[in-house]
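In: no sequence on this one, just coordinates:
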């Protein structure tokens, strides 16, 4: 029996939503099941990993207080920028792998994974070194002072060591999802996230390392996850996890010029788009910090909650990329379009349930992060606004999936720029500079998701991405030996 068909509450809940939508004719029942089977393991991975990031905030908040949360908020954009580099390359990886897996082009698939790994190492190692050497200067650029500056610098200096490992883990995960296997990366990365939380507890509370302990737990867990991925790709599987659908030969060749060119061409807009999205956090954090550490801590709590609510997008976006990419790989553009449209509807519905829950229980959720009476009344409305805005992230992520699979990755980049730089940042600034006040921050949270969702969905609806995909499909349509 397939592991993905074993009973579990998350899969059952998502599949129930899919079948409900199918019963009223909004999506196809078979495609709902296939989407669920591929999406739910990635959603579990997202829940585990975002729970880990939320646990970082909650643990240091409990152990130290709001100033430590503010310190993590100042360091967050830098980690996000490093993650954008790895994630962008990995987005190109899933495009290349899914099409070659669908066409059974095994030799090109092996080279696509190797090339992706080499490129991500070349990019992330200098970034990690830069963060390590200039941590305090980088944190101070955002306006951090006093305890928040010290906590943020300590956290960034240590977590920088994990940047290359995190990038390689993204490559491994996306390669397996592109090969129609979301279960294996779920087990590996979720296991790493659980280990991370456990290590955090030991380092923060057991050893009293505070924010350094939170960063150290992240680094160690990423190293462990990378080791498991490496073993699986080289040997064909990992005991206790299962076999890998694709393997990588230890010997050469390691790079192929055409594949590297395609990878860079597809990934560059994704890297730029993710960098634009994470880069916008620098001025946003700087602006929010002008309201004081208490508001910054509340803002950070809301962002972590929204990250948890966004975890369905981890599954639906990648399922869409993989399923649409496989159909494009064999030239079936009509079915690819149907998968894309139905997954958008599916994702929106699942997101709505999570948003409603978080909005209703915003006060209780806020108390899980901080018990400071000065911070709680501010955190609650931030969490409610974040809950409302996250539904549009569901549309954005699901609509980006087909574009990523086809190689049409420029529009998500443009959408991110528009939402953040033309709307979110100006609205936040108006809040700090006018009587709009904290309402400007609320509006910024909403604009950050609404604008990109509209732009990306428009591009999906035009079907132009199908034409773009013809430039990147494998030359071998029926497989090779």
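Out: On my side now, so go ahead. Keep in mind it's a predicted model, so treat the numbers as computed, not measured.
In: Which helix runs longest in this structure?
Out: helix 66-102 (DSSP state H).
In: after that one, next one along is what?
Out: helix 106-133 (DSSP states H and E).
In: Return the list of helices and strands in contact with the helix or strand where residue 53 lies.
Out: In this structure, residue 53 sits in helix 29-63 according to DSSP H and E. If you count contacts as 3 or more Cβ pairs under 8 Å, 6 or more residues apart in numbering; DSSP states H and E, helix 29-63 packs onto helix 9-23, helix 66-102, helix 163-178, helix 183-201, helix 210-235, helix 293-309, helix 311-329, helix 333-360. Glycine gets a C-beta too; all of them are placed from N, C-alpha and C.
In: out of those helices, which comes closest to residue 268?
Out: Closest to residue 268 of the helices and strands packed on helix 29-63 is helix 66-102 (Cβ to Cβ; 7.5 Å).
In: what's the burial count for the closest residue to residue 40 other than its chain neighbours?
Out: Leaving aside its sequence neighbours, residue 40 sits nearest to residue 11 (Cβ to Cβ, 6 or more residues apart in numbering; 4.3 Å). Other residues lying near residue 11 total 19 when counted by other Cβ atoms under 10 Å.
In: what does the one 10 residues further on give?
Out: Number of residues near residue 21 (other Cβ under 10 Å) recorded here: 20.
In: Skip the chain neighbours and tell me the closest residue to it.
Out: Counting by Cβ to Cβ, 6+ apart, the nearest residue to residue 21 once its immediate chain neighbours are dropped is residue 27, at 4.8 Å.
In: Let me have the helices and strands packed on helix 29-63 in JSON lines, extended by mean pLDDT and distance to residue 124.
Out: As requested, those are arranged in JSON lines below (pLDDT from 0 to 100; distance: least, Cβ to Cβ, whole Å):
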{"stretch": "helix 9-23", "mean pLDDT": "90", "distance to residue 124": "31"}
{"stretch": "helix 66-102", "mean pLDDT": "83", "distance to residue 124": "6"}
{"stretch": "helix 163-178", "mean pLDDT": "88", "distance to residue 124": "4"}
{"stretch": "helix 183-201", "mean pLDDT": "86", "distance to residue 124": "17"}
{"stretch": "helix 210-235", "mean pLDDT": "91", "distance to residue 124": "12"}
{"stretch": "helix 293-309", "mean pLDDT": "91", "distance to residue 124": "21"}
{"stretch": "helix 311-329", "mean pLDDT": "86", "distance to residue 124": "21"}
{"stretch": "helix 333-360", "mean pLDDT": "92", "distance to residue 124": "30"}
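In: Would you format these as a markdown table with distance to residue 422 included?
Out: Below are the helices and strands packed on helix 29-63 laid out as a markdown table (distance: least, Cβ to Cβ, whole Å):
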| stretch | distance to residue 422 |
| --- | --- |
| helix 9-23 | 34 |
| helix 66-102 | 19 |
| helix 163-178 | 28 |
| helix 183-201 | 34 |
| helix 210-235 | 33 |
| helix 293-309 | 20 |
| helix 311-329 | 23 |
| helix 333-360 | 24 |
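In: Quick one: closest of the ones you listed to residue 468.
Out: Of the helices and strands packed on helix 29-63, the one closest to residue 468 (Cβ to Cβ) turns out to be helix 311-329, at 9.8 Å.
In: Might you report the residue contacts of the residue nearest to the spatial centre of the chain?
Out: The centroid of the chain falls nearest to residue 314 when counting by Cα atoms, centre = their mean (6.3 Å). Taking Cβ atoms under 8 Å, 6 or more residues apart in numbering, we find residue 314 in contact with 42, 43, 45, 46.
In: Out of these, flag the one nearest to residue 364.
Out: Within the contacts of residue 314, proximity to residue 364 (Cβ to Cβ) peaks at residue 46, which comes in at 21.8 Å.
In: Please report the number of neighbouring residues for the closest one.
Out: Using other Cβ under 10 Å, residue 46 is surrounded by 23 other residues.
In: Next: the one 3 residues further on.
Out: Summarising burial for residue 49: neighbours were counted as other Cβ under 10 Å, giving 21.
In: Tell me the spatial nearest neighbour of it, not counting adjacent residues.
Out: residue 193 is the one closest to residue 49 (Cβ to Cβ, 6+ apart), at 4.6 Å.
In: One more: residue 38?
Out: residue 319 (4.2 Å).
In: Just to check, the one you found is in contact with residue 39?
Out: Yes: at 4.0 Å, residue 319 counts as touching residue 39 under the criterion of Cβ atoms under 8 Å.
In: So for those two, which residues contact both of them?
Out: Common neighbours of residue 319 and residue 39 (Cβ under 8 Å, 6+ apart) are residue 182.
In: any idea which element the residue lying closest to residue 418 once chain neighbours are set aside lies in?
Out: Distances taken as Cβ to Cβ, 6+ apart place residue 451 nearest to residue 418, at 5.6 Å, with adjacent residues excluded. Taking DSSP H and E as the criterion, residue 451 maps to helix 438-462.
In: What is the burial count for the spatially closest residue to residue 242 that is not a sequence neighbour?
Out: Counting by Cβ to Cβ, 6+ apart, residue 184 is the residue found nearest to residue 242 once chain neighbours are left out, at 6.1 Å. By the criterion of other Cβ under 10 Å, residue 184 has 25 neighbours.
In: got it, and residue 227?
Out: Using other Cβ under 10 Å, residue 227 is surrounded by 13 other residues.
In: So that it lines up with my notes, have the first residue be 236 from now on.
Out: Right, with 236 as the first residue, what we last looked at is residue 462.
In: separation between it and residue 473?
Out: Using Cβ to Cβ, to the nearest Å, one obtains 10 Å as the distance from residue 462 to residue 473.
In: got it, and residue 386?
Out: From residue 386 to residue 473 the distance is 37 Å (Cβ to Cβ).
In: Compare those two (neighbour count), which wins?
Out: Ranked by neighbour count (other Cβ under 10 Å), residue 386 and residue 473 place residue 386 first, with 28 against 19.
In: which secondary structure elements does the helix or strand that one falls within contact?
Out: Assigned by DSSP H and E, residue 386 falls within helix 381-394. Judged by 3+ Cβ pairs under 8 Å, 6+ apart, the packing partners of helix 381-394 are helix 301-337, helix 341-368, helix 370-375, helix 445-470.
In: quick one: buried residues of that helix?
Out: By 16 or more other Cβ atoms under 10 Å, the buried positions in helix 381-394 come out as 382-394.
In: Same question for stretch 599-617.
Out: 600, 601, 604, 605, 607, 610, 611, 613, 614, 615, 616, 617.
In: and that stretch, how far out from the chain's middle?
Out: 25 Å (Cα atoms, centre = their mean, to the nearest Å).
In: Kindly report the same for stretch 434-442.
Out: Relative to its parent chain, stretch 434-442 has a centroid offset of 26 Å by Cα atoms, centre = their mean.
In: if we can go back for a sec, the residue nearest to residue 256 and residue 577 touch, don't they?
Out: Yes: judged on Cβ under 8 Å, residue 262 makes contact with residue 577 at a distance of 3.9 Å.
In: higher neighbour count, these two?
Out: Using other Cβ under 10 Å, the more surrounded residue of residue 262 and residue 577 is residue 262, with 25 against 22.
In: Kindly indicate whether that one is helix, strand or coil.
Out: Here residue 262 is coil, with the state taken from DSSP: H, G, I helix; E, B strand; the rest coil.
In: Contact partners for it?
Out: Residue 262 neighbours (Cβ under 8 Å, 6+ apart): 253, 256, 577, 580, 581.
In: dump the residue contacts of the fourth one.
Out: What it means is residue 580. Counting by Cβ under 8 Å, 6+ apart, residue 580 touches 256, 261, 262.
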